[in-house]
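Visitor: take this sequence and fold it.
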Amino acid sequence: MKKEALFYTKEKDKVVCTLCPIRCSLKDGQGGVCGVRINHDGILYTYTYGTLVSYAVDPVEKKPLFHYLPSHKTFTIATPGCNLHCKGCQNWEISQVKAKDVIENELFKDVNVPPEYVVEMAVASGSKSISFSYTEPVIFYEYMYETARISKERGLYTIMVTALYIEEEPLTRLLDVIDAFSIDLKFFNDETYRRYSGAKLDPILRNIRKVFGAGKWIELTTLMVPEHLSKDQIESIAKWISEELAPWVPWHISRFFPYYKAKDLPVTPLEDMLYAYEKGKEAGLEYIYLGNIDTDRYEHTYCPSCGEILIRRRIFTVIENRIKGGKCPRCLYEIKGFFEG
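Guide: Model (predicted):
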């Protein structure tokens, strides 16, 4: 469904989208790099308001969020489009759309699932939260914001799974309605970010600091992309999390599998995953998790003080949760997270 966008300015015969750092300058009929925000007669429209292409009930661990109400069900939604163009995008069929196709596709004209209905579906499913994921939620900002606002009124928590490539004003407004953020910190090198994803590093770091400083719960994920994510970058990411945020911020290190335009790359070697894990430990990080590998050892939550296993997991499923009152039952060390709600 077409709806006027919230963030844009007019400049002579163009409109400038001010939602993300790319700031597309668009002539009449032209769409942004996201494919779903289009200038029509001097007004910037989002063509994905209510264009629901995917929804599911997931364990929150799948986001991944391991310290945010473990094992609860989260109702997850997505609309098409993305402002990044990652070469190895796993959901490229719905994230990588073109403005021309959007204008001509009846899906974008006729499909409208109102935010109120999404919230009703979430409540009926027994979910405790609504997650915005699968594609990039920044691109369906207006739909996400209204859905999140209504969710809060109905007593649901709200989660954004994002690369956080967004401008400061819309991010500030989002902080009123989003409770937790699962954030991709893909690289720690501007050139690599540009080459692989079409983004810049600095705005993402700025935004992560802002969300963390606002007191929101965050967990970071780094996809171990061979030939792009260097050892120096891995060390820098671990150090940055520890020093710029806090040692207790969970870091998820995810194994890469080749998709889309990155099928020439290999699967991440296990030794590279373990290297990143050790560098995280050396940087003082307390909670490091390895994803997409065939062992549950690195899915568990361990007490940073006594080493006790506090939460046992297996493929996004919580087998046992021994955290009591936010503390380790053995040594009473405080375990950072949101464990009750």
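Visitor: so Gly126 makes contact with Lys73?
Guide: Yes: with contact defined as CB atoms under 8 Å, Gly126 reaches Lys73; the gap is 6.1 Å. Glycine gets a C-beta too; all of them are placed from N, C-alpha and C.
Visitor: from the contact counts, what lies against the biggest strand by length in the chain?
Guide: Counting residues, the longest strand found in the chain (DSSP state E) is strand 217-224. Secondary structure elements in contact with strand 217-224, counted by 3 or more CB pairs under 8 Å, 6 or more residues apart in numbering; DSSP states H and E, are strand 180-184, helix 201-213, strand 251-255, helix 270-282.
Visitor: any chance of TSV for these, columns mean pLDDT, mean neighbour count and distance to Phe132?
Guide: Shown next, in TSV, are the helices and strands packed on strand 217-224 (pLDDT from 0 to 100; neighbours: other CB atoms under 10 Å; distance: least, CB to CB, whole Å):
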stretch	mean pLDDT	mean neighbour count	distance to Phe132
strand 180-184	98	23	10
helix 201-213	98	17	14
strand 251-255	98	23	18
helix 270-282	98	16	27
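Visitor: how about a markdown table for those, with distance to Lys261 added?
Guide: A markdown table is the format used below for those (distance: least, CB to CB, whole Å):
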| stretch | distance to Lys261 |
| --- | --- |
| strand 180-184 | 18 |
| helix 201-213 | 21 |
| strand 251-255 | 18 |
| helix 270-282 | 21 |
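Visitor: and of these, who's closest to Ile166?
Guide: Smallest distance to Ile166 across those (CB to CB): 6.3 Å, for helix 201-213.
Visitor: gap between Pro64 and Arg313?
Guide: Going from Pro64 to Arg313 by CB to CB, to the nearest Å gives 10 Å.
Visitor: typo on my end, Lys239
Guide: 27 Å.
Visitor: the domain parsing of this structure - what is it?
Guide: 3-46, 54-280 (automatic domain parsing).
Visitor: could you pull out the helices for the stretch 1-150 of the chain?
Guide: Assigned by DSSP state H, counting those that start in this stretch, the stretch 1-150 of the chain shows helices spanning 92-95, 99-104, 106-110, 115-124, 141-153.
Visitor: what's the closest of those to Tyr193?
Guide: Nearest to Tyr193, of those and by CB to CB, is helix 92-95 at 16.9 Å.
Visitor: list the buried residues for the closest one?
Guide: Trp92, Ile94, Ser95 (16 or more other CB atoms under 10 Å).
Visitor: cool, stretch 255-266 as well?
Guide: Under 16+ other CB under 10 Å, the buried positions of stretch 255-266 are Arg255, Phe256, Tyr260, Ala262, Leu265.
Visitor: so of those, which two are at opposite extremes in space?
Guide: Arg255 and Tyr260 (16.4 Å).
Visitor: which one of the buried residues of helix 92-95 is nearest Glu271?
Guide: Nearest member of the buried residues of helix 92-95 to Glu271, counting by CB to CB, is Trp92, at 28.3 Å.
Visitor: leaving out chain neighbours, which residue sits closest to the closest one?
Guide: Of all residues not flanking Trp92 in the chain, Tyr260 sits nearest, at 4.4 Å (CB to CB, 6 or more residues apart in numbering).
Visitor: how near is Gly337 to Glu106?
Guide: Noted for Gly337: a distance of 44 Å to Glu106, by CB to CB.
Visitor: contact partners for the closest residue to Asp264 other than its chain neighbours?
Guide: In space, not counting the residues next to it along the chain, Asp264 is nearest to Pro258; the distance is 7.2 Å by CB to CB, 6+ apart. The neighbours of Pro258, taking CB atoms under 8 Å, 6 or more residues apart in numbering as the test, are Gly88, Asp264, Leu265, Pro266, Val267.
Visitor: with Phe257 as the reference, measure out to the third one.
Guide: Computed with CB to CB, the distance linking Leu265 and Phe257 is 9 Å.
Visitor: same thing with the fourth one?
Guide: The span separating Pro266 from Phe257 equals 9 Å under the rule CB to CB.
Visitor: just to revisit the earlier point, Gly337 and Glu106 - which one has more neighbours?
Guide: Gly337 (21 against 7; other CB atoms under 10 Å).
Visitor: contact partners for the spatially closest residue to the more buried one that is not a sequence neighbour?
Guide: Leaving aside its sequence neighbours, Gly337 sits nearest to His67 (CB to CB, 6+ apart; 3.1 Å). Contacts of His67 were listed using CB under 8 Å, 6+ apart, and they are Trp217, Glu219, Pro250, Tyr287, Thr301, Ile335, Lys336, Gly337, Phe338, Phe339.
Visitor: hmm, which of those are the buried ones?
Guide: Taking 16+ other CB under 10 Å as the criterion, what is buried in the contacts of His67 is Trp217, Glu219, Pro250, Tyr287, Thr301, Ile335, Lys336, Gly337, Phe339.
Visitor: ok, how many other residues are close to the residue lying closest to the fifth one once chain neighbours are set aside?
Guide: Leaving aside its chain neighbours, Thr301 sits nearest to Ile311 (3.9 Å; criterion: CB to CB, 6+ apart). For Ile311, the tally of surrounding residues (other CB under 10 Å) stands at 22.
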